[in-house]
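Visitor: what would the 3D arrangement of this be:
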Amino acid sequence: MAENIGNKTNPSRVLVPEEFFVYAGAAAKNGNSLYRCQKCPPGFSSKTISCSECDVSRQNLKKHIEHRHAALLASFEMACDSLHDRKARNKRAGTAGDLSNAPPLKQARLDAQMGPLTQHALDNYIMEYLVESVLPIHHVDTPAFRKYTQRLTAGRLTVHCRQTMTNMLEDRFNKRKEELKEKLSTVD
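Guide: Coordinates of the predicted model:
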C-alpha cells in the first residue's frame with residue numbers, strides 16, 4: 001500500500017492512503033491541503049476535499065467516504081490505522097538512538113494516601129469489595145482469594161476468616177446505623 005506522506009517541502013501533510021485520495025495541492029486556507037477521491041468515477045465530481053495538515057484530521061475525507069462510498073468505510077479506516085501505525089513505528093525507529101529531542105522524563109507522583117498497606121486497611125478494602133460486588137462472605141475463605149491476597153501483600157498480611165469478617169461487617173453496620181440515627185434526630 002502506497003502512502004501519501006508528503007514531500008521534503010511539506011513533511012507535515014496528513015497521512016492519506018493513496019488508494020483512496022491523491023494530494024491535489026495546497027488549499028486557500030493556510031494549513032490545509034486539497035485531496036481528490038480515487039474512488040469517484042472520472043468526471044463525476046471535480047470537487048476536491050479540504051483537509052487539515054495535522055496528522056489526525058482526516059475527518060472531511062472520512063465524511064466523503066461515509067456519504068459517497070459507504071461500503072468502503074471500514075477499509076478506509078483500516079488503511080488509515082495502518083498508516084498511523086507505520087508512522088509511529090518509523091518515528092520510534094528513527095529516534096531510538098537519539099535522545100536529544102526526547103522530552104524530559106518526569107518522576108511519577110505518588111498519591112498522598114499511598115503508603116504501606118496495613119491490616120486494618122486490607123480489612124476495609126476486602127469489606128468494600130464484598131459489599132460493592134455483592135459477594136457472599138464465604139468468598140474470603142476460598143483458596144483462590146486467599147492466594148490472590150497473599151500475593152498482593154507478599155505474605156505480610158492475612159485475610160480474616162468468614163466469621164471474623166462477618167463480625168467486622170456487623171460492627172461497621174451498627175456504627176453507621178447509630179451515626180445515621182444521630183443525624184436524623186437533628187433534622188426537623
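Visitor: would you mark the buried spots in stretch 140-152?
Guide: 140, 145, 149 (16 or more other CB atoms under 10 Å). (C-beta placed from N, C-alpha, C; glycine too.)
Visitor: repeat that for stretch 157-168.
Guide: 157, 159, 160, 165.
Visitor: ok so, going back, helices - which of the buried residues of stretch 140-152 land there?
Guide: 145, 149 (DSSP state H).
Visitor: would you turn the buried residues of stretch 140-152 into CSV with distance to residue 24?
Guide: Below are those laid out as CSV (distance: CB to CB, whole Å):
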residue, distance to residue 24
140, 67
145, 63
149, 63
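Visitor: reformat the buried residues of stretch 140-152 as JSON lines; add distance to residue 26 and pLDDT.
Guide: Shown next, in JSON lines, are those (distance: CB to CB, whole Å; pLDDT from 0 to 100):
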{"residue": "140", "distance to residue 26": "67", "pLDDT": "93"}
{"residue": "145", "distance to residue 26": "63", "pLDDT": "94"}
{"residue": "149", "distance to residue 26": "62", "pLDDT": "91"}
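Visitor: strands of the chain, start to end?
Guide: For the chain, the strands defined by DSSP state E cover 3-4, 16-17, 21-26, 32-37, 49-52.
Visitor: so how far is the third one off the chain centroid?
Guide: Once both centres are worked out by CA atoms, centre = their mean, to the nearest Å, strand 21-26 turns out to sit 32 Å from its chain's centre.
Visitor: just want the angle from that strand to strand 32-37.
Guide: 140 degrees (axes from the mean of the first three to the mean of the last three CA atoms, to 10 degrees).
Visitor: who are the packing partners of strand 21-26?
Guide: Packing partners of strand 21-26 (3 or more CB pairs under 8 Å, 6 or more residues apart in numbering; DSSP states H and E): strand 3-4, strand 32-37.
Visitor: mind saving the C-alpha coords of that strand as PDB?
Guide: Listed next in PDB are the C-alpha coordinates belonging to strand 21-26 (Å, rounded to 0.1, in the frame of the first residue of the first chain):
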ATOM      1  CA  PHE A  21      -7.200  10.000  -2.100                       C
ATOM      2  CA  VAL A  22      -4.500  11.800  -4.000                       C
ATOM      3  CA  TYR A  23      -2.900  15.100  -3.000                       C
ATOM      4  CA  ALA A  24      -4.200  17.900  -5.200                       C
ATOM      5  CA  GLY A  25      -2.400  20.900  -3.800                       C
ATOM      6  CA  ALA A  26      -2.500  23.400  -1.100                       C
END
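Visitor: and the strands of the chain, which is most packed in?
Guide: Burial of the strands of the chain is given as mean neighbour count (mean count of other CB atoms under 10 Å); strand 16-17 ranks first at a mean of 22.
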